[in-house]
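Participant: need a 3D model of the sequence below.
(one chain, ligands or ions: 1)
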Amino acid sequence: MTVSVVISGSGLWTPPHSISNEELVTAYNAYAQQYNAQHQVEIDRGALSAKPLSSAEFIEKASGIRSRFTYIKDGILDVSRMRPNIPLRADDELSDQAEMAVLAAKKALLAANKSAEDIDVVIVACAYTQRSYPALAIEVQEVLGIKGFGFDMLVACSAATFALHRAYEMIAAGTAKGVLVINPELTSPQVNYCDRDSHFIFGDVATALVVEAAETANAPHVFEILSTQAVTSYSNNIRSNFGYVSRANDSNPFGEDMLFHQEGRKVFKEVCPMAVEHINDHLSRHQFSAINVKRWWLHQANINMNNLISRKLLERDPSPQEAPIVLDTYANTASAGSIIAFNLNHQDLVSGDIGLLCSFGAGYSIGSLILKKQ
Ligand code: CO8
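Facilitator: Modelled structure (predicted):
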């Protein structure tokens with residue numbers, strides 16, 4: 001018997017703090033000017049490069065980002081710190097990312113009209129986990145009182161979609177009855193707020209989705225997963241060298257290459273055509289083309305990337321309703337971006353409408369799901 005698998009609820013937890021481009025640029029420029037004054041001699045000698053100044057106008061034009069949410073604001077705008085000041089929690093306290101995950105998960109359960117007894121798998125999928133073990137998913141499982149099992153998975157920008165693929169397969173195979181896919185994207189600790197080219201890109205958020213069989217779903221907004229498709233292709237153009245081997249390498253745990261860094265132009269040029277080809281290929285498996293898609297919940301890294309991809313697919317500009325953008329307020333939230341777009345823009349669709357959820361980015365990795373409103 002073929003099991004119809006659905007997404008029956010979504011949750012979005014938005015952190016209480018936000019930082020505008022202007023605030024971020026003011027702090028960065030003060031830091032850069034202080035750095036340049038302190039290193040004037042080496043800069044004049046050519047031993048060091050001066051830190052260039054950032055601009056709020058550039059950021060908005062180049063990325064579509066106007067502000068970002070942060071889990072903790074304290075420290076990020078402090079010129080003598082330039083990183084969030086997140087208090088250390090004891091082992092017997094709830095960890096930061098588990099807290100974010102639980103807040104989003106509760107909202108997803110509510111939207112899906114489900115409780116802990118209906119779930120038997122928890123997947124925490126995001127770009128970073130704050131520790132290796134015990135898995136955050138198991139901590140979240142314990143807090144929510146879920147029986148069964150949980151695991152963490154990291155696929156950077158595609159963690160959320162790749163986790164949804166795993167959830168789909170588990171429900172289809174009958175090895176799970178209800179899966180919670182949660183994306184606590186705590187990106188701010190990995191952002192280099194001293195780097196003009198990347199200080200503006202990321203924000204914090206947590207999203208969650210409930211995946212179950214259609215026959216158990218009883219929520220008002222249910223989307224059947226018609227199919228999934230994924231591809232990866234190795235690239236060093238988006239990289240973080242942060243990892244547990246640093247201690248044995250004697251490398252600096254605060255070094256710049258331990259933080260997010262990228263060749264943004266190359267990423268833009270290489271990922272856009274990959275994404276277009278991937279999406280067209282996925283749609284063609286159903287004899288669909290772009291005109292059959294009512295809603296595009298695309299990865300949210302850069303508005304110009306989304307516009308280019310949408311134009312290539314549709315041969316016209318999409319309306320803001322067709323391909324919603326959340327970058328302006330949320331910035332790039334790693335794997336959660338397309339899920340935020342889904343969360344905020346799915347209730348108006350009617351039975352039979354087709355939507356496409358797609359992530360693209362670091363790895364490189366692309367993950368898509370074709371969804372049909374029930
Ligand atoms: N202010 C003023 N000027 C600037 C700034 C700034 N902040 N930054 C760069 N410039 C300057 C550059 O130095 C350059 O000057 P010049 O022409 O003199 O050399 C000029 O502006 C143009 O620079 P770029 O060519 O780099 O500018 P772009 O138009 O390409 O825009 C972007 C830069 C916005 C980074 C763009 O290239 C981009 O978005 N590319 C795609 C990036 C992308 O999708 N990356 C994936 C992100 S990774 C991901 O989604 C998940 C990773 C895991 C999570 C990580 C969590 C921390």
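
Participant: which strands and helices lie in contact with the helix or strand hosting residue 10?
Facilitator: Taking DSSP states H and E as the criterion, residue 10 maps to strand 5-13. In terms of contacts (3 or more Cβ pairs under 8 Å, 6 or more residues apart in numbering; DSSP states H and E), strand 5-13 is packed against helix 96-112, helix 159-173, strand 205-213, strand 223-232, helix 337-344. Bear in mind the C-beta positions are built from the backbone N, C-alpha and C, glycine included.

Participant: what about the helices in the stretch 51-200 of the chain?
Facilitator: When assigned using DSSP state H, counting those that start in this stretch, the helices of the stretch 51-200 of the chain occupy the ranges 56-63, 96-112, 136-144, 159-173.

Participant: what angle do the last one and helix 136-144 make?
Facilitator: So that's helix 159-173. 70 degrees (axes from the mean of the first three to the mean of the last three Cα atoms, to 10 degrees).

Participant: just the shortest one next, same as before
Facilitator: Direction vectors for helix 56-63 and helix 136-144, defined by the same axes, to 10 degrees, enclose an angle of 100 degrees.

Participant: circling back: could you point out the helix or strand that follows the strand holding residue 10?
Facilitator: Heading C-terminal from strand 5-13 (DSSP H and E), you reach strand 17-20.

Participant: please save the CA atoms from that following strand in CSV.
Facilitator: Below are the C-alpha coordinates for strand 17-20, written out as CSV (Å, rounded to 0.1, in the frame of the first residue of the first chain):
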residue,chain,number,x,y,z
HIS,A,17,16.0,41.1,19.4
SER,A,18,16.6,42.6,16.0
ILE,A,19,19.5,44.6,14.5
SER,A,20,19.0,47.0,11.6
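
Participant: who's in contact with the residue lying closest to residue 73 once chain neighbours are set aside?
Facilitator: Counting by Cβ to Cβ, 6 or more residues apart in numbering, residue 73 lies nearest to residue 17, which is 3.8 Å off, once chain neighbours are set aside. Residues near residue 17 by Cβ atoms under 8 Å, 6 or more residues apart in numbering: 69-73.

Participant: now the closest residue to the ligand within the chain. Nearest residue, chain neighbours left out?
Facilitator: Residue nearest to the ligand within the chain: residue 264 (2.9 Å; Cβ to the nearest ligand atom). Leaving aside its chain neighbours, residue 264 sits nearest to residue 197 (6.7 Å; criterion: Cβ to Cβ, 6+ apart).

Participant: any chance you could read off phi and psi for that neighbour?
Facilitator: phi -80, psi -20 (degrees, to the nearest 10).

Participant: pretty sure it is touching residue 265, no?
Facilitator: No: between residue 197 and residue 265 there is no contact under Cβ atoms under 8 Å: 10.1 Å.

Participant: and for residue 82, the neighbour number?
Facilitator: 18 (other Cβ atoms under 10 Å).

Participant: and the pLDDT at it?
Facilitator: The model reports residue 82 with a pLDDT of 97.

Participant: show the contacting residues for it.
Facilitator: Neighbours of residue 82 in contact, by Cβ under 8 Å, 6+ apart: 27, 31, 75-76, 193-194.
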